[in-house]
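Visitor: give me coordinates for this.
(chains A and B)
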Amino acid sequence: MTERRGGDGGPLRGLLPDLLDPGYARAAARRGNAPAAGHAQVVALVLGALLIGLVLGVAAADAAARAPGAEKARRGLIDDVQDARRRTDGLSATAGRLAAELKVAQQRALAGSANGDATLETVRTLEQAAGAVAVTGPGLRITVVDGGDKPNVLDRDLQVLVNGLWASGAEAVAFGGVRLHPRATVRQAGGAVLVDNRPVAQPYVLEAIGDPAGLHTRLVDTDAYGRFATFTQVYGTRFTVETVDSLSLPAGVAAEPELATKEGSR
Amino acid sequence: MIGIVALVIGVLIGLWLDPTVPVWVQPYLPIAVVAALDAVFGGVRARLDGIFDAKVFVVSFVSNVVVAALIVLLGDQLGVGAQLSTAVVVVLGIRIFGNAAAIRRHLFRA
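Guide: All right, here's what the predicted structure looks like:
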């Protein structure tokens, strides 16, 4: 390690003691330590500096052209998503307004006659069963928070929990603020849980209207409760059930029938 | 001085032309950039030491880029292209640092 092999030595030795290209010193020695001069020098300097500048400029332009490309695409997508969300909000507001108008018109057309009152009553029952109207009442609020860094609670567990609520006698259920109607689904797409095709983030909050005491007692007996109790112990999932005096659940967006048509309309 | 002007003009031309860099050149562009910076710092330091030589400047830059590109090309063929790119960047990076420190000592005497 102590040997010296003169000049620029080995490649690693060349790295540390003198970092200047030894070529400069040698060229200077050849000239007898006089400063380099002449036209050739100027031409070489200009050409070299131009070349280096060109490399730096092209690299900068290339980097600028590439990085913002991805960034631009990302921003465009975000804008699209926000637009779509705004549109959805606007459309559901319109749908709600139209539904209210429809209800008023229905009321006006049917109320009064005995036959109409009975029809109205049937419609009301069906609407509640279909989750098409907003409802309020006492019930349970269940909060599920996944512990750990990777998701342990999957869509099928949440499906079991929702079904457990129905089986325990819940009259209306909302998941993450989305009312569950008979055709609503709870499923997973990538990391997100979709409730009736709308993404729901953690903590998962399920609200169920029903007799709180009875609902709770029957829920404890279901598979769902056992499953989540196990999750609490094994994965550190937080699972809380609380009784709430007054829950208000929004109306669900019932899917339009695609093939079923009203009798006589065909 | 004339070198700095030429450098700036080169950068502006590069930015103004904004050529589409072919995909096969893209892995070598960062290495060329580091080699270019090494040449610039080396040149400035040599200038301050009073031993600047434009021929050495140009030849060292071109040969560094070519050798570095060949090393990375070889590495790509052997499947260790990324590691060899890192090696080239480390070696040239140390030189840049050392020369920048030498320039600093020249300018600020500290």
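Visitor: what bridges to residue A:248?
Guide: residue A:136 (DSSP bridges).
Visitor: likewise residue A:172?
Guide: Residues in beta-bridge contact with residue A:172 (DSSP bridges): residue A:209.
Visitor: wait, it touches residue A:181, no?
Guide: No - Residue A:172 lies out of contact with residue A:181 (C-beta atoms under 8 Å); the separation is 9.6 Å. All C-beta spots, glycine's among them, are computed from the backbone N, C-alpha and C.
Visitor: low-confidence ranges in chain B?
Guide: B:110 (pLDDT under 70).
Visitor: whoops, I mixed them up, the stretch 51-200 of chain A
Guide: If you take pLDDT under 70 as the line, the stretch 51-200 of chain A has these spans: A:68, A:148.
Visitor: interface residues of it facing chain B?
Guide: With C-beta under 8 Å from any C-beta of the partner chain as the criterion, the stretch 51-200 of chain A meets chain B at residues A:51-62, A:65.
Visitor: just the buried subset of those residues, written out for PyMOL, thanks.
Guide: Selection of buried members from those for PyMOL, criterion 16 or more other C-beta atoms under 10 Å in any protein chain shown:
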select buried, chain A and resi 51+52+53+54+55+56+57+58+59+61+62
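Visitor: restricting to C-alpha, output stretch B:37-56 in PDB.
Guide: In PDB, the C-alpha atoms belonging to stretch B:37-56 read as follows (Å, rounded to 0.1, in the frame of the first residue of the first chain):
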ATOM      1  CA  LEU B  37     -19.800  18.500 -15.800                       C
ATOM      2  CA  ASP B  38     -16.500  16.800 -15.000                       C
ATOM      3  CA  ALA B  39     -14.900  18.300 -18.100                       C
ATOM      4  CA  VAL B  40     -16.200  21.800 -17.200                       C
ATOM      5  CA  PHE B  41     -15.000  21.600 -13.600                       C
ATOM      6  CA  GLY B  42     -11.700  20.100 -14.600                       C
ATOM      7  CA  GLY B  43     -11.200  22.900 -17.200                       C
ATOM      8  CA  VAL B  44     -12.100  25.700 -14.800                       C
ATOM      9  CA  ARG B  45      -9.700  24.300 -12.200                       C
ATOM     10  CA  ALA B  46      -6.900  23.900 -14.800                       C
ATOM     11  CA  ARG B  47      -7.500  27.500 -15.900                       C
ATOM     12  CA  LEU B  48      -7.200  28.700 -12.300                       C
ATOM     13  CA  ASP B  49      -4.000  26.600 -11.900                       C
ATOM     14  CA  GLY B  50      -2.800  28.300 -15.000                       C
ATOM     15  CA  ILE B  51      -2.300  25.100 -17.000                       C
ATOM     16  CA  PHE B  52      -5.400  25.100 -19.100                       C
ATOM     17  CA  ASP B  53      -5.100  23.500 -22.500                       C
ATOM     18  CA  ALA B  54      -8.100  23.400 -24.800                       C
ATOM     19  CA  LYS B  55      -6.900  20.300 -26.600                       C
ATOM     20  CA  VAL B  56      -6.700  18.400 -23.300                       C
END
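Visitor: which residues in chain B form helices?
Guide: Here chain B has its helices, by DSSP state H, at B:2-17, B:29-49, B:54-78, B:81-108.
Visitor: from the geometric centre of chain A, which residue sits farthest away?
Guide: Computed with C-alpha atoms, centre = their mean, the maximum C-alpha offset from the centroid of chain A is found at residue A:32, amounting to 71.7 Å.
Visitor: what about that residue, distance to residue B:51?
Guide: 12 Å (C-beta to C-beta, to the nearest Å).
Visitor: name the nearest residue to residue A:184, sequence neighbours excluded.
Guide: residue A:196 (4.0 Å; C-beta to C-beta, 6 or more residues apart in numbering or on different chains).
Visitor: same question for residue A:241.
Guide: With sequence-adjacent residues excluded and distances taken as C-beta to C-beta, 6+ apart, residue A:241 is closest to residue A:142, at 5.1 Å.
Visitor: go ahead and confirm the one you found touches residue A:205.
Guide: Yes - Residue A:142 is within contact range of residue A:205, at 7.3 Å (criterion: C-beta under 8 Å).
Visitor: pull out the buried positions in stretch B:64-75.
Guide: B:64, B:65, B:68, B:69, B:71, B:72, B:75.
Visitor: off-centre distance for it?
Guide: 13 Å (C-alpha atoms, centre = their mean, to the nearest Å).
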